[in-house]
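In: below: sequence and its predicted model.
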Amino acid sequence: MDADDFSAVLSEVRRFVRERVVPLEAEIDEKDEMPAEIREAAKKMGLFGFALPEEYGGLGLSMYEEAQLMFELGYTTPSLRSMFGTNNGIAGHVLMVGGTEEQKAHWLPRIASGDVLASFALTEPDAGSDPSTLTTKARLEGDEWVINGAKRYITNAPLADVFMVFARTDDEAPRTRGISTFLVPAGTPGLTVAPKDHKMGQLGAWTADVYFDDVRVPAEALVGGEDGLNRGFATAMGCIAHGRVHISALMVGMAERLVDESVAYASTRRQSGKLIGSFQLIQGLIADSMTDYYAGRATVLEAARGFDAGTDLKVGPSCTKYFASEMVWRVADRAVQIHGGAGYMRGVAVERFYRDARLFRIYEGTSQIQQVIIAKALLGEAARG
């Protein structure tokens, strides 16, 4: 995107986030729902397709540009980003990475516009950090695939129009090579979405279990057509690598907000007749959080450069996801500490962000999984003992 045009996009998103969404954060958290007017505004701004190619109606942002956009979106409740994150990220990228030209032409323009909400159905009750162990199966019967199984914690499932479903299609193949991906429209007979989950935080972003009971889809629902058979795991990993940089940038935006909340509170709250910002131990907490934020921002931008260049599609995304998720948790914890008792009260922004931040160390691969990925990439055969 032209630099001036991109600058204008960032400015518009910043105004939207700070003037329209931030004032609604408490309401979104209390009602566990994103207001319809915010959803419609996001559609009009092109936020459902910022990472999708221009030829399909998206903005076509690079990973580096996307990271900067996510810094702005991360300044408010993460449920805003979640509303359109799967369209741009792990769900939309399934088609970008593995779809046929016909599948891309049919689905991507509607996904980019927000007319279709897509869900990424990979995680299962017994296959989370290691999706290669998934047990959902698809068998070919004539010219139809029949899918049976269950998925867990699927983002946007209660609202989704189409699911990108990962299922085992070859029991004899190695675990990572016998998985395929299917496009399953909502409302397909046999597909059931459970009631939305009741979560600790990130309220307004809905997740739910999804069940498949002899769900039948045509042969052309196989992502990638015949060439996509048994290539679903590789597709998923490519999408997740992008998602790790994407979500890391969101965490940096949240860290910036937490620093701002901490500074504002320390600049107005008095204790013992003094502003608490005059106490050196409070100053130390703020300095540590600013340093964490600064390092997180630099780490994300470096990972984004490597992703765009194609020189680092594995270690960089894992490093930045690991660092950013642990970083924003530290910053959130310090923000609560700076606020004292007020930081533990519902209705105070840092209390809500504290709950929201906890999930980042789990999804898109836990911190422990990132450690394993990074170490194995560096150690090679030595990691196997």
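Out: Structure's in. What do you need? Numbers count the residues shown, from 1 in each chain.

In: quick one, phi psi at the residue nearest to residue 47 when sequence neighbours are not counted?
Out: The shortest distance from residue 47 to any residue that is not its chain neighbour, by CB to CB, 6 or more residues apart in numbering, is 5.1 Å, and that residue is residue 84. Glycine gets a C-beta too; all of them are placed from N, C-alpha and C. The main-chain torsion angles of residue 84 are listed as degrees, to the nearest 10 and equal phi -120, psi 0.

In: just give me the neighbour total for residue 84.
Out: Other residues lying near residue 84 total 27 when counted by other CB atoms under 10 Å.

In: mind checking how far it is from residue 15?
Out: Counting by CB to CB, to the nearest Å, the separation of residue 84 from residue 15 is 18 Å.

In: in stretch 4-20, what counts as buried?
Out: Buried residues in stretch 4-20, defined by neighbour count with 16 or more other CB atoms under 10 Å: 6, 9, 13, 16-17.

In: for the strand or helix carrying residue 373, buried residues please.
Out: When elements are assigned from DSSP states H and E, residue 373 belongs to helix 367-379. Neighbour-count burial for helix 367-379, counted by 16+ other CB under 10 Å, picks out 367, 369-370, 373-374.

In: same question for stretch 84-102.
Out: Of the residues in stretch 84-102, those buried by neighbour count under the rule 16+ other CB under 10 Å are 84-100.

In: likewise stretch 324-342?
Out: By neighbour count, with 16+ other CB under 10 Å as the criterion, the buried positions of stretch 324-342 are 324-329, 331-336, 338-339.

In: what's the closest of those residues to residue 221?
Out: The nearest member of the buried residues of stretch 324-342 to residue 221, counting by CB to CB, is residue 325 at 34.2 Å.

In: what's the separation between that closest one and residue 267?
Out: Between residue 325 and residue 267 the distance, using CB to CB, works out to 28 Å.

In: partner strands of the helix or strand encompassing residue 214, with direction?
Out: Secondary structure from DSSP H and E places residue 214 in strand 207-218. Each strand that pairs with strand 207-218, with its direction, by DSSP bridges: strand 144-155 (antiparallel), strand 191-193 (antiparallel).

In: the helix or strand following it: how far from the chain's middle?
Out: Downstream of strand 207-218, the next assigned helix or strand under DSSP H and E is helix 232-266. Between the mean C-alpha location of helix 232-266 and the chain-wide mean there is a distance of 8 Å, by CA atoms, centre = their mean, to the nearest Å.

In: who's in contact with residue 63?
Out: If a contact means CB atoms under 8 Å, 6 or more residues apart in numbering, then residue 63 has 242, 245-246, 304, 307-308 as its contacts.

In: where does it sit relative to residue 309, distance-wise?
Out: Where residue 309 is concerned, residue 63 sits at a distance of 9 Å (CB to CB).

In: contacts for the least confident helix or strand in the chain by mean pLDDT, please.
Out: Ranked by mean pLDDT, DSSP states H and E, the helix or strand of the chain with the weakest confidence is helix 92-98, at a mean of 94. Counting by CB under 8 Å, 6+ apart, helix 92-98 makes contact with 49, 51-53, 86, 103-104, 107-108, 111-112, 118, 120, 164, 181, 223-224, 228, 231-232, 235-236, 238-239, 242-243, all of which sit outside it.

In: residues contacting the next helix or strand after it, please?
Out: With elements assigned by DSSP H and E, the helix or strand that comes after helix 92-98 is helix 101-113. When contacts are defined by CB under 8 Å, 6+ apart, helix 101-113 is touched by residues 43, 46, 48-49, 52-53, 56-58, 87, 91-92, 95-96, 99, 116, 118, 162, 183, 220, 223-225.

In: just for this protein, where's the confidence low?
Out: Scanning the chain for pLDDT under 70 picks out no residues.

In: hang on, residue 176 in a helix?
Out: No. Secondary structure assignment places residue 176 outside any helix; it is coil (DSSP: H, G, I helix; E, B strand; the rest coil).

In: hang on, it packs against residue 233?
Out: Yes. In this structure residue 176 lies within contact range of residue 233 using CB atoms under 8 Å: 4.5 Å.

In: give me the common contacts of these two.
Out: Between them, residue 176 and residue 233 have residue 132 as joint contacts when contacts are counted by CB under 8 Å, 6+ apart.

In: coming back round to it: looking at the strands paired with strand 207-218, which is closest to residue 254?
Out: Of all the strands paired with strand 207-218, the one in closest proximity to residue 254, counting by CB to CB, is strand 144-155 (17.4 Å).

In: alpha carbons of the closest one, as CSV, please.
Out: Extracted in CSV, the C-alpha atoms of strand 144-155 (Å, rounded to 0.1, in the frame of the first residue of the first chain):
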residue,chain,number,x,y,z
GLU,A,144,-19.1,-36.6,-1.0
TRP,A,145,-17.0,-36.3,2.1
VAL,A,146,-18.5,-37.5,5.4
ILE,A,147,-17.1,-35.8,8.5
ASN,A,148,-17.4,-37.0,12.1
GLY,A,149,-15.8,-35.5,15.2
ALA,A,150,-15.7,-32.6,17.6
LYS,A,151,-13.8,-29.3,17.9
ARG,A,152,-13.2,-27.2,21.0
TYR,A,153,-12.8,-23.4,21.8
ILE,A,154,-13.5,-22.4,18.2
THR,A,155,-13.4,-18.6,17.8
